[in-house]
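# predicted model follows, preceded by the sequence.
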Amino acid sequence: PIGGYTKIVKKLLEGVQVCLKTDFFKHREELVKQAEKVVFTGMIDQYYDYCFGELEYRSLRFEDEILEMENYQGNAVLNYTDYEIPYTRSIEHKHFEFGRQEKTVVTREYPDTWVRGKEPYYPVNDPKNNEIFAEYQKKALEEKNVLFGGRLGLYRYMDMDQVIEEALALAESETTYEN
């Protein structure tokens, strides 16, 4: 069985055209023409071609390990805040689906510096970046057909429950009409 976010997202996207492995910026003009509204969850500074400067992000590096044991940590995810431990999270994938395999796969998540070309995961919310983001936010509020969402589009750290709550509120505000 498929569970977790995959099941939710599959249901949400029923009947919706999905283009995977498509660079929005290479096909921007044709993609924007296809929709009444665009929900953009990528880097807001990239969307505006860095016109107010480049925002800073944090990235992650992942290391996978196959272990010759049935159970390594007893949970899907453990977060580490101890300075002596170089990774911030370990993930034992079988616990997401309650697997019973003889071996287990563990992924460790390490903080990494972001540079263009790497995957951005988290905004760096400091005074300098917040000032730059404020300029992008003003420009975004002028958009009629583009909605910005997620950590990168809103340039703020959010846990998944906050991202989902934000997305539902945005969807409700876009589908509620006053008579």
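Cool, the structure landed.

# against Asp82, how distant is Tyr136?
35 Å (Cβ to Cβ, to the nearest Å). Every C-beta, even on glycine, is put in place using the N, C-alpha and C of the backbone.

# those two: which has the busier surroundings?
Tyr136 (22 against 7; other Cβ atoms under 10 Å).

# how does the protein divide into domains?
When the chain is parsed with the TED database, its domains come out as 5-56+124-176, 58-113.

# separation between the nearest residue to Phe24 once chain neighbours are set aside and Arg61?
Using Cβ to Cβ, 6 or more residues apart in numbering and skipping the chain neighbours, the partner closest in space to Phe24 is Leu31 (6.3 Å). Distance of Leu31 to Arg61, given as Cβ to Cβ: 30 Å.

# one more: Lys103?
Counting by Cβ to Cβ, the gap from Lys103 to Arg61 is 23 Å.

# so where's the protein uncertain?
1-3, 177-179 (pLDDT under 70).

# where along it do the strands fall?
Taking DSSP state E to define them, one finds strands in the chain at 38-40, 57-67, 77-79, 89-92, 104-113, 122-123, 146-148.

# tell me the angle the second one makes with strand 104-113.
Think strand 57-67. Angle, strand 57-67 to strand 104-113, by axes from the mean of the first three to the mean of the last three Cα atoms, to 10 degrees: 160 degrees.

# just checking: what are the partner strands of strand 57-67?
Sheet pairing of strand 57-67 (DSSP bridges) gives strand 104-113 (antiparallel), strand 122-123 (antiparallel).

# of these, which is nearest Asp45?
Nearest to Asp45, of all the strands paired with strand 57-67, is strand 122-123, at 10.2 Å by Cβ to Cβ.

# from the chain's centre, how far out does that closest one sit?
Taking Cα atoms, centre = their mean, to the nearest Å, the mean C-alpha location of strand 122-123 is offset from the chain mean by 9 Å.

# residues in contact with it?
Leu55, Glu56, Tyr57, Arg58, Asn129, Phe133, Arg151, Leu152, Tyr155, Arg156, Tyr157 (Cβ atoms under 8 Å, 6 or more residues apart in numbering).

# out of those residues, list just those in helices.
Mapping the contacts of strand 122-123 onto helices (DSSP state H) picks out Asn129, Phe133, Arg151, Leu152.

# could those residues be laid out in TSV, adding neighbour count and distance to Asn145?
Below are the ones in helices among the contacts of strand 122-123 laid out as TSV (neighbours: other Cβ atoms under 10 Å; distance: Cβ to Cβ, whole Å):
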residue	neighbour count	distance to Asn145
Asn129	18	26
Phe133	21	21
Arg151	20	22
Leu152	22	19
